[in-house]
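Participant: Below are the sequence and a predicted model for it; my questions follow.
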Amino acid sequence: MNTKKVYLAQTASFFWEVVKVVVISLAIIIPIRYFLIQSFYVKGASMEPNYTDYEYLIIDELSYRFNDPVRGEVVVVHDPRDAKQFFIKRVIGIPGDEIDILNGKIVLNGVDLDETAYLDDSVVTDSAPGKRHFKLEDKEYFILGDNRPASYDSRRFGPITYDDLIGRVWIRAWPFDRLAIF
């Protein structure tokens, strides 16, 4: 009988240890997942060639609690039409900026936007005719996809608000041959 009691005590002790490990793990993982970082898959061609279909990205949600987005950063935002959907786009305009789009060319605060830091000459820019003007208010951002002809962005739905921001792209984790920290 003593061996049976010992066995039951060991089994109970094992299960108690498993429960403690699970509870501690959840106490660590849940806050990280909901307040610090999130993962996203890229779907669509709007950010090509810099980000392509099925790339796995880690998003830093903490930075924007202390700092505002910076022009040129790649961010994940809520779709303004459907908050359950997300976009990955590049911040082009920040609060106070004036953006003019003249026949597909971006003019930022009266100067042609230099995008050579993240777009090379082989990237086709939007050649849509016409002129549009945007004046960004406090907590408004203008976002564009890198592949302008294939991107649904601020040119169509207007500026986004600070509250639409999820976070900035921090790590490209997949595929491994394109692993990068931003």
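Facilitator: Nice, I can see it.

Participant: which residues sit against the longest strand belonging to the chain?
Facilitator: In the chain, taking DSSP state E as the definition, the longest strand is strand 82-93. By CB atoms under 8 Å, 6 or more residues apart in numbering, the residues outside strand 82-93 that reach it are 40, 42, 46-47, 51, 57, 69-79, 99, 106, 108, 113, 118, 134, 136, 141-146, 151-154, 159, 166, 169. The C-beta positions use only the backbone N, C-alpha and C, and glycine is treated the same way.

Participant: Over to stretch 159-169?
Facilitator: 37-38, 51, 57-64, 68-69, 73-78, 80, 86, 88, 93, 134, 136-137, 139-143, 154, 182.

Participant: how about 7 Å then?
Facilitator: Residues external to stretch 159-169 that are found in contact with it (CB atoms under 7 Å, 6 or more residues apart in numbering): 38, 57, 59-61, 63-64, 69, 73-78, 80, 86, 88, 134, 136, 139-143, 154, 182.

Participant: Helix or strand next in line after the longest strand of the chain, which one?
Facilitator: strand 98-102 (DSSP states H and E).

Participant: Tell me the first helix or strand C-terminal of that next one.
Facilitator: In N-to-C order, the element after strand 98-102 by DSSP H and E is strand 105-108.

Participant: Report the beta-bridge partner residues of the residue nearest the centre of the chain.
Facilitator: Nearest to the mean C-alpha position of the chain, by CA atoms, centre = their mean, lies Val76 at 2.4 Å. Taking DSSP bridges as the rule, Val76 bridges to Ile88, Gly167.
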